[in-house]
Each structure stands twice: as C-alpha cells, then as structure tokens.
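1. Got a predicted structure here, sequence first:
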Amino acid sequence: MTDLPHLTHVTHPLVQHKLTIMRDKRTSTAVFRQLLREISQLLAYEVTRELPTTTKRIDTPMEPMDAPTLKGRKLALISILRAGNGLLDGMTELIPSARIGFVGMYRDEETLQPVQYYFKVPEHMDERLVIAVDPMLATGNSSVAAIDLLKKAGAKDIRFLCLLASPEGIATMKAAHPDVPIVTAAVDRGLDERGYIVPGLGDAGDRMFGTK
Ligand SMILES: O=P(O)(O)OC[C@H]1O[C@H](OP(=O)(O)OP(=O)(O)O)[C@H](O)[C@@H]1O
Ligand SMILES: O=c1cc[nH]c(=O)[nH]1
Ligand SMILES: [Mg+2]
C-alpha cells in the first residue's frame with residue numbers, strides 16, 4: 001500500500017504559475033488545454049512518488065550493474081470523463097506503459113449527484129497501483145462514486161489526482177475513502193451555491209473542450 005499522506009498539496013512554482021493562467025477567464029481553450037497537459041506531467045511526478053522499485057541486472061557499456069526498475073504490474077490510470085482526459089493525456093506521455101481505464105460520469109447540475117454512463121478498466125486491478133484523475137474535486141460526490149466503482153472492480157491501492165480541490169470535497173473523500181491519498185495543485189476557499197469551486201477556474205470540461 002501507499003505511503004503518501006492523505007492530502008498532498010503540490011506547491012511547486014511552475015505548477016502554481018501555470019494554474020494561475022488556467023484560472024484566468026481570458027485564457028483561451030487552446031492555452032488552457034496545453035497548460036493542463038504540462039501541469040499533469042508535473043503532478044504525475046508527485047503522485048507516483050514512492051512507487052515500489054526492484055533492481056534488474058543490465059550491462060552498461062562499462063560493466064554489469066543491478067539497476068533500479070519499477071516493480072510489479074503496470075500501473076492503471078483511470079480518467080473520470082470527460083474532464084479527466086485533460087490530465088490523462090500528459091500523464092500517458094510520461095508513463096507510456098500505463099494501462100488506461102475510463103469512468104464516464106457527469107454531475108447532475110440540480111442534485112449535484114453523479115450520473116454514471118460508462119465503465120471500462122484494465123484487468124487485474126487488485127494487483128496494480130490505480131491513479132484516478134479528474135481536475136476538479138468539488139462536492140466530492142463524483143470522485144467518491146468513481147472510487148466506489150474502482151474498488152468494486154478489485155482496486156486496493158488507489159490514489160486520486162486533481163488540479164483543484166475544495167475543503168468540502170477533501171472531507172467527503174476522507175470520510176468515504178480514507179485509504180485514498182489525494183494529490184492536488186490547490187485547495188480553494190470553498191463551493192458556491194451551485195457547487196462550483198471558488199475562486200476556482202469555472203467548468204473544467206467546458207473550458208478544455210470549448211463547449212460553452
Ligand atoms: O466533486 P463534484 O461536485 O462531483 O464535481 C466534480 C465533477 O464535476 C466535473 O465534471 P462534470 O460533471 O462537469 O462532467 P464533465 O467532465 O463531462 O464536464 C468534474 O470534472 C468532476 O468530475
Ligand atoms: O468548479 C467546478 C465544479 C465542478 N466541476 C467543474 O468543472 N468545476
Ligand atoms: Mg463539466
């Protein structure tokens with residue numbers, strides 16, 4: 001199991017600088033998408049900290065050596081659709097051998113409850129490190145439901161990666177899934193009356209895909 005604390009706030013200046021540009025409402029869809037890809041690679045570095053390694057015997061041009069290599073099955077990256085795909089793209093560039101799954105889920109804007117429409121994950125979930133990605137942790141209802149489904153599929157070692165989290169969402173996740181560490185680039189003030197993160201960045205899916 002993982003040694004990460006329940007909450008990791010990634011304060012790296014590059015992450016914070018890029019996030020500020022993403023929050024700005026004048027930032028275009030193209031720039032928003034590109035920055036999300038760049039940030040996802042920096043966050044991937046944090047969320048994969050302390051992965052178990054082993055050694056394998058190789059020959060350098062100079063001599064044989066026992067060199068470190070990742071241990072166990074390939075990790076699984078799970079995108080919570082559709083905004084999760086913005087984080088997924090950059091992460092798969094960094095971890096090209098990762099197995100990939102999708103949880104299709106959108107938030108009913110009236111009830112703020114998640115509605116599931118798709119589920120497909122790799123085999124052997126119980127033997128993999130599973131990293132679920134979604135830029136926004138707002139009420140926490142979507143991520144709690146997605147992780148419920150991943151656990152039902154056998155996942156035991158799960159991490160959740162997001163860009164922005166609200167204190168409410170973190171508390172809801174901690175109550176439902178205390179064993180799932182959260183890695184985030186920011187913890188914002190709270191939620192507005194429509195369940196949006198404030199100050200936030202607006203609707204991540206719409207800003208990424210240009211649907212509004
Ligand atoms: O913590 P919650 O209150 O559940 O809100 C967060 C969810 O809302 C957004 O998705 P959305 O429902 O807008 O779907 P989309 O990705 O298709 O835009 C976001 O990407 C999360 O999945
Ligand atoms: O602030 C929020 C809350 C939920 N989903 C988003 O995309 N943004
Ligand atoms: Mg959306």
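-> Okay, I see it. Ligands and ions are numbered 1, 2, ... in the order given.
2. which strand is the longest one in this protein?
-> Once the chain is assigned using DSSP state E, the strand that runs over the most residues is strand 99-107.
3. Following the chain onward from that strand, which element is next?
-> Scanning the chain past strand 99-107 towards its C-terminal end, the next helix or strand to appear is strand 114-120 (assignment: DSSP states H and E).
4. in that next one, what's buried?
-> Taking 16 or more other C-beta atoms under 10 Å as the neighbour-count basis, strand 114-120 is seen to contain the buried residues 114, 119. C-betas here are computed from N, CA, C, even on glycine.
5. Listing partners with orientation, what would you give for that strand?
-> strand 99-107 (antiparallel) (DSSP bridges).
6. Give me the contact status of the strand it pairs with with ligand 1.
-> Yes - figure legend: strand 99-107 in contact with ligand 1 (C-beta under 6 Å from any ligand atom); contacting residues 106-107.
7. Which residues belonging to the longest strand of the chain are considered buried?
-> Neighbour-count burial for strand 99-107, with 16+ other C-beta under 10 Å as criterion, is recorded at 99, 101-105, 107.
8. Distance to ligand 2 and pLDDT added to these, as TSV?
-> Rendered in TSV, the data for the buried residues of strand 99-107 read as follows (distance: C-beta to the nearest ligand atom, whole Å; pLDDT from 0 to 100):
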residue	distance to ligand 2	pLDDT
99	26	97
101	21	98
102	17	98
103	15	98
104	15	98
105	11	96
107	6	94
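9. close to ligand 1, is stretch 205-212?
-> Yes - where contact is defined by C-beta under 6 Å from any ligand atom, part of stretch 205-212 touches ligand 1, namely residue 205.
10. any idea how far that stretch is from the chain center?
-> Centroid displacement of stretch 205-212 relative to its chain, using C-alpha atoms, centre = their mean, to the nearest Å, is 18 Å.
11. contacts for that stretch?
-> In this structure, residues lying in contact with stretch 205-212 by C-beta atoms under 8 Å, 6 or more residues apart in numbering are 22, 27, 29, 32-33, 36, 82-83, 85-86, 201, 203.
12. Residue 86: how many residues sit nearby?
-> Other residues lying near residue 86 total 25 when counted by other C-beta atoms under 10 Å.
13. that's a strand at it, yeah?
-> No - the assignment for residue 86 (DSSP: H, G, I helix; E, B strand; the rest coil) gives helix, which keeps it out of a strand.
14. which among the buried residues of strand 99-107 gets closest to ligand 1?
-> Among the buried residues of strand 99-107, residue 107 lies closest to ligand 1 (C-beta to the nearest ligand atom), at 3.3 Å.
15. Can you point out the buried residues in stretch 199-208?
-> Taking 16+ other C-beta under 10 Å as the basis for neighbour counts, the residues of stretch 199-208 that come out buried are 200-205, 207-208.
16. Likewise for stretch 178-193?
-> Along stretch 178-193, the positions that meet the burial threshold by neighbour count (16+ other C-beta under 10 Å) are 180-188, 191.
17. Which pair of those residues spans the longest distance?
-> Of all pairs drawn from the buried residues of stretch 178-193, the one with the largest separation by C-beta to C-beta is 181 and 191; the distance is 21.9 Å.
18. now the helices for the chain?
-> Using DSSP state H, the helices of the chain run over 13-23, 29-47, 84-94, 141-152, 167-176, 204-209.
19. which bits of the chain sit near ligand 2?
-> Counting by C-beta under 6 Å from any ligand atom, the residues of the chain close to ligand 2 are 83, 136, 138, 196-197, 200, 203-205.
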